[in-house]
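# Just need the structure, nothing else, for what follows:
(one chain, ligands or ions: 2)
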Amino acid sequence: MQPIHIGLIGLGTVGTGVAQILQEKAELIAARLGARLVLKRVAVRSLERPRGVPLAGVQLTTEVASLLHDPDIAIIVELIGGYEPARTYVLDALRQGKHVVTANKALLARHGPEIFETARALRRDLGFEASVGGGIPIIRTIKEGFVANQFLGMACIINGTTNYILSRMSDQGLTFQEALKEAQALGYAEADPTYDVEGIDAAQKIALLSSLAFGAWVPQEAVYTEGITRITPLDIGYARELGYRIKLLALANLRQGRLDVRVHPALVPARSWLANVGGVYNAIVIHGDMVGRNMLIGRGAGALPTGSAVVGDIVDVARNILNNSTGRVPPQAYHTPEARSLPLQDIGELVCKYYLRFQVLDQPGVLAAIAGILGQHAISIESVIQKGRGSAKDDTVSVVMMTHEAQEGNLRHALAAIAAVPSVRGETVCIRVEETEEAEAQ
Ligand code: NDP
Ligand code: HSE
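Ligands and ions are numbered 1, 2, ... in the order given. Got it, this is the predicted structure:
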């Protein structure tokens, strides 16, 4: 059976998963592909570090160039992460005539146009299924399965680390730091976990998904981004009392020719599909005008789920090689992506309901002062819960309000004015309530 040789750069969490799958599933893949995938060379930083996978017959090296210049190797798999030297390796591999598979969303969100255009111009395949949603085949779904649809919106949980943290805080009462440590030990978090907990990883992923779905390049910097570091057990508890769960959502909606793309924690109704996606699971609710709303769900991080997506891409590329059909699917989903440009909506124009928690001195007139300021800014209150002094360490009480739909610009002005009220203490907690069709799907 014909061999197809692979060069792998990076043998950490995902690289090890890929090496394991290529070995354990060699027979199954050969039977499905009609060729043998052979892992020929693997490049790492340290030759001394123990690897949790047998590497008999594989050449382990620190010389990435030896992979890029090996004429036997047809496919380079980049699994080192980060911007440089990953960008240089990917571009060099394409220029050396190799096809490339990567799981590196940071790289593609920053250098996507350059890398996609290089692959397209050289008619090399570029697989990046594992860059969003771990094992979930969302890239292929957008580019191929749902190709006949105009996409209308997406509501996603696309960071496994933060979903794991929020689930462990909510269901087992762990602290943020305890849950983060577990996620790191399980191999879910990025090398710098700030990317996860500050929402940057999810912003990179939704920028990428939006670019593929809507056909216009969406820079990551244009995505409004808030992470989960200010979410407390207190707010998780109040949200639950009100019939909601708190999730880090990545949202992209096309409305009247404008794109609303954002990442932030949100209250989602407890009965909705997304509210019930726990642990490391990711989910993408995607709305196409022909197919309607669909939800894809699966493990969003970890060695084997992510390795499964990487190997899926390798097989896809190998099939194209065997059929002389490389470059069949354009990397950016559109043949002419540069032809479209979509204005983005500013966060100040967003209209939604809000969860607000004020920490106030328990004095007469406080509630009236807050309600008055909200009213002056055209924000009406749907419900109020005032808690007794029990939980607070000082002499303040929590006042929780749910607003009716309001414009974010107005809310920000109102919160600035409320912060100046003498009996309001500390920073007010403000979390958006996501009740769009996509987030509410059930
Ligand atoms: P790890 O940190 O676990 O592994 C990185 C690997 O790359 C290590 O083997 C390291 O070598 C090697 N490496 C780093 N720099 C170089 C270099 N300059 N030259 C050669 N080798 C290098 O990362 P992950 O496996 O977690 O992530 C890899 C990629 O996959 C990232 O882009 C990440 O965002 C993405 N991803 C990760 C997921 C996950 O669940 N972890 C899920 C989806 C995507 P050494 O071992 O010698 O230090
Ligand atoms: N750190 C990422 C996450 C890995 O937790 O989702 C998967 O992309």
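# So what does residue 209 look like in phi/psi?
Main-chain torsions, residue 209, degrees, to the nearest 10: phi -60, psi -40.
# Setting aside sequence neighbours, what's the nearest residue to it?
Leaving aside its chain neighbours, residue 209 sits nearest to residue 132 (5.9 Å; criterion: Cβ to Cβ, 6 or more residues apart in numbering). (Each C-beta comes from the backbone N, C-alpha and C, glycine too.)
# Quick check: most distant residue from the centroid of the chain.
Centroid-distance maximum for the chain: residue 364 at 45.1 Å, with Cα atoms, centre = their mean.
# so how far is residue 425 from that one?
Noted for residue 364: a distance of 16 Å to residue 425, by Cβ to Cβ, to the nearest Å.
# Equivalent analysis for residue 290, please.
Counting by Cβ to Cβ, the gap from residue 290 to residue 425 is 52 Å.
# neighbour count winner among those two?
residue 425 (17 against 8; other Cβ atoms under 10 Å).
# what about that one, is that helix, strand or coil?
For residue 425, the secondary-structure state derived from DSSP: H, G, I helix; E, B strand; the rest coil is strand.
# who's it bridged to?
residue 359 (DSSP bridges).
# Put the alpha carbons of the helix or strand of the chain with the lowest mean pLDDT into PDB.
None of the helices or strands of the chain scores lower by mean pLDDT, DSSP states H and E than helix 437-440, at a mean of 70. Taking Å, rounded to 0.1, in the frame of the first residue of the first chain, the C-alpha atoms of helix 437-440 are listed here in PDB:
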ATOM      1  CA  GLU A 437     -32.900  32.600  19.000                       C
ATOM      2  CA  GLU A 438     -29.500  30.900  18.800                       C
ATOM      3  CA  ALA A 439     -28.700  31.200  22.500                       C
ATOM      4  CA  GLU A 440     -32.200  30.200  23.500                       C
END
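# for the nearest residue to residue 367 once chain neighbours are set aside, helix, strand, or coil?
Nearest non-adjacent residue to residue 367, counting by Cβ to Cβ, 6+ apart: residue 399, 6.5 Å away. At residue 399 the chain is in strand, as set by three-state DSSP.
# same deal with residue 7?
strand.
# show me the contacts for it.
40-43, 67-68, 70, 73, 75-77, 98 (Cβ atoms under 8 Å, 6 or more residues apart in numbering).
# Check residue 74 too.
4-6, 98-99, 317-318, 321.
# what does residue 415 give?
Per Cβ under 8 Å, 6+ apart, neighbours of residue 415: 356, 428, 430.
# 7 Å - rerun?
Counting by Cβ atoms under 7 Å, 6 or more residues apart in numbering, residue 415 makes contact with 428, 430.
# and it, how far is that from residue 58?
From residue 415 to residue 58 the distance is 57 Å (Cβ to Cβ).
# Is ligand 1 within reach of the lengthiest helix in the chain?
The longest helix of the chain (DSSP state H) is helix 303-322. Yes: applying Cβ under 6 Å from any ligand atom, one finds helix 303-322 touching ligand 1 at residue 306.
# Which positions in that helix come out as buried?
303-321 (16 or more other Cβ atoms under 10 Å).
# Not counting its neighbours along the chain, what's nearest the residue of the chain found nearest ligand 1?
Using Cβ to the nearest ligand atom, the closest approach of the chain to ligand 1 is made by residue 12 at 1.8 Å. Using Cβ to Cβ, 6+ apart and skipping residues adjacent in sequence, the residue nearest residue 12 is residue 79, 7.0 Å away.
# and that neighbour, what does it touch?
8-10, 12, 14-15, 18, 103.
# again, only this time at 8 Å
8-12, 14-15, 18, 102-104, 310.
# now for the contacts of residue 7, which pair is the farthest apart?
The span of the contacts of residue 7, defined through Cβ to Cβ, is set by 42 and 98 at 15.0 Å.
# does residue 163 count as helix, strand or coil?
Classified using three-state DSSP, residue 163 is helix.
# Kindly report the same for residue 57.
coil.
# Number of residues surrounding it?
Residue 57: 9 neighbours (other Cβ under 10 Å).
# State the distance from the nearest residue to residue 313 once chain neighbours are set aside to residue 140.
Nearest residue to residue 313 in three dimensions, chain neighbours excluded: residue 127, at 2.9 Å (Cβ to Cβ, 6+ apart). Going from residue 127 to residue 140 by Cβ to Cβ gives 9 Å.
# What of residue 333?
In terms of Cβ to Cβ, residue 333 sits 10 Å off from residue 140.
# what does this protein have sitting close to ligand 1?
So far as Cβ under 6 Å from any ligand atom goes, the chain lies against ligand 1 at 9-15, 43-46, 49, 64, 79-81, 85, 103-104, 130, 134, 187-188, 190-191, 301-302, 306.
# what subset of the residues you listed is also close to ligand 2?
134, 188, 190, 301.
# right, and out of those residues, which lies closest to residue 343?
Closest to residue 343, out of all of those and judged by Cβ to Cβ, is residue 190, at 30.6 Å.
# count of residues packed around that closest one?
Residues near residue 190, counting by other Cβ under 10 Å, number 20.
# got a list of what it touches?
81, 106, 161, 196, 201.
# and it, what element?
Following DSSP states H and E, one finds residue 190 outside all helices and strands.
# picking up where we left off before, now the contacts of residue 79 as a markdown table including secondary structure and pLDDT?
Output for the contacts of residue 79, formatted as a markdown table (DSSP: H, G, I helix; E, B strand; the rest coil; pLDDT from 0 to 100):
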| residue | secondary structure | pLDDT |
| --- | --- | --- |
| 8 | strand | 98 |
| 9 | strand | 98 |
| 10 | coil | 98 |
| 11 | coil | 98 |
| 12 | coil | 97 |
| 14 | helix | 98 |
| 15 | helix | 98 |
| 18 | helix | 98 |
| 102 | strand | 98 |
| 103 | coil | 98 |
| 104 | coil | 98 |
| 310 | helix | 98 |
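# Go through these and name the one nearest ligand 2.
Nearest to ligand 2 among the contacts of residue 79, with distances taken as Cβ to the nearest ligand atom, is residue 103, at 7.1 Å.
# Just read off the phi/psi values of the closest one.
phi -110, psi 20.
# And for it, the neighbour number?
Residue 103: 29 neighbours (other Cβ under 10 Å).
# now swap in residue 140 and tell me
17.
# tell me the contacts of it?
Neighbouring residues of residue 140 by Cβ under 8 Å, 6+ apart: 129, 312.
# what's downstream of the helix or strand containing it, the next helix or strand?
Using DSSP H and E, residue 140 sits within helix 138-140. Note on helix 138-140: by DSSP H and E, the next helix or strand toward the C-terminus is strand 151-157.
# Since that was my last question, I'll sign off now.
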